[in-house]
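In: Provided below for reference: sequence and predicted model.
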Amino acid sequence: MNILAHLHLATLANSSLIGNTLADFVKGDPYLTYPNEIANGVMLHRKIDKMTDTLPEVRQAKLLFRKTHQRVAPITLDIVWDHFLSKHWSTYGVGLSVAEFNRSTQLQIQPFISNFPLDYQDFMRAMWQGAWLENYVSLHFIGKVLNGMANRRPKLYLLKETIFDIELNYKRLEELFFRLYPEVCEQVKLLTI
């Protein structure tokens, strides 16, 4: 799952939005550095990632990518799931449009953002300024995201080519999303941190 899904799932679990978005910027035991509420959010994010990676739908989705690109398929899938969540937000949303949800989460996170690492601050500001959550609905934007990630991390150069796999298998990926995301939502409601 990527940023939109983690924000959405954190909301469903009544968990810290900061902790759930900070998780990718935290190494080791978050309880040694952050208050329990934030650390609990980090741990929820990690549990969601671990749970999602083991779902049969995710394993099936990885196989839709060319063999040469399956190494980076998990990263691409995180972005693809956000695309489908944004596209079908009215089904899964929390009574707000994606833009309203984005603004609401920004209002909850931004007042405290200076207390966290600079790379996290930069990431969140770029997300808000670029209206990523709203733009995830566009497949063209997904291609730009994958291209940008590939350019920033040369070892992941194949990411820019996975847009082809997405387009080729779009309907199947969407079907898998419709099976996996409700399951993830239900599981998150049961998780305790």
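Out: That came through, no problem.
In: Quick check: which element contains Leu133?
Out: Assigned by DSSP states H and E, Leu133 belongs to helix 132-135.
In: Can I get stretch 52-66 in PDB, CA atoms only?
Out: Written as PDB, here are the backbone C-alpha positions of stretch 52-66 (Å, rounded to 0.1, in the frame of the first residue of the first chain):
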ATOM      1  CA  THR A  52      -0.700  -7.100   2.200                       C
ATOM      2  CA  ASP A  53       2.500  -8.700   0.900                       C
ATOM      3  CA  THR A  54       1.200 -12.200   1.900                       C
ATOM      4  CA  LEU A  55      -2.300 -11.900   0.300                       C
ATOM      5  CA  PRO A  56      -2.900 -14.200  -2.700                       C
ATOM      6  CA  GLU A  57      -4.200 -11.300  -4.700                       C
ATOM      7  CA  VAL A  58      -0.800  -9.500  -4.400                       C
ATOM      8  CA  ARG A  59       1.100 -12.700  -5.400                       C
ATOM      9  CA  GLN A  60      -1.200 -13.000  -8.400                       C
ATOM     10  CA  ALA A  61      -0.800  -9.400  -9.400                       C
ATOM     11  CA  LYS A  62       3.000  -9.700  -9.300                       C
ATOM     12  CA  LEU A  63       2.800 -12.500 -11.900                       C
ATOM     13  CA  LEU A  64       1.100 -10.100 -14.300                       C
ATOM     14  CA  PHE A  65       4.400  -8.300 -14.700                       C
ATOM     15  CA  ARG A  66       7.000  -9.400 -17.200                       C
END
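In: Check which residues of that stretch are buried.
Out: Within stretch 52-66, the residues that count as buried by 16 or more other Cβ atoms under 10 Å are 52, 55, 57-58, 61-62, 64-65. Any C-beta I mention is one placed from the backbone N, CA and C, and that applies to glycine too.
In: per-residue pLDDT, Glu161?
Out: Predicted confidence (pLDDT) at Glu161: the value is 95.
In: any residues touching the longest helix seen in the chain, and which ones?
Out: Ordering each helix of the chain by length in residues (DSSP state H) puts helix 170-190 first. Counting by Cβ atoms under 8 Å, 6 or more residues apart in numbering, helix 170-190 makes contact with 1, 5, 9, 12-13, 44, 48, 51-52, 55, 57-58, 60-61, 64, 80-81, 84-85, 88, 92, 139, 166, all of which sit outside it.
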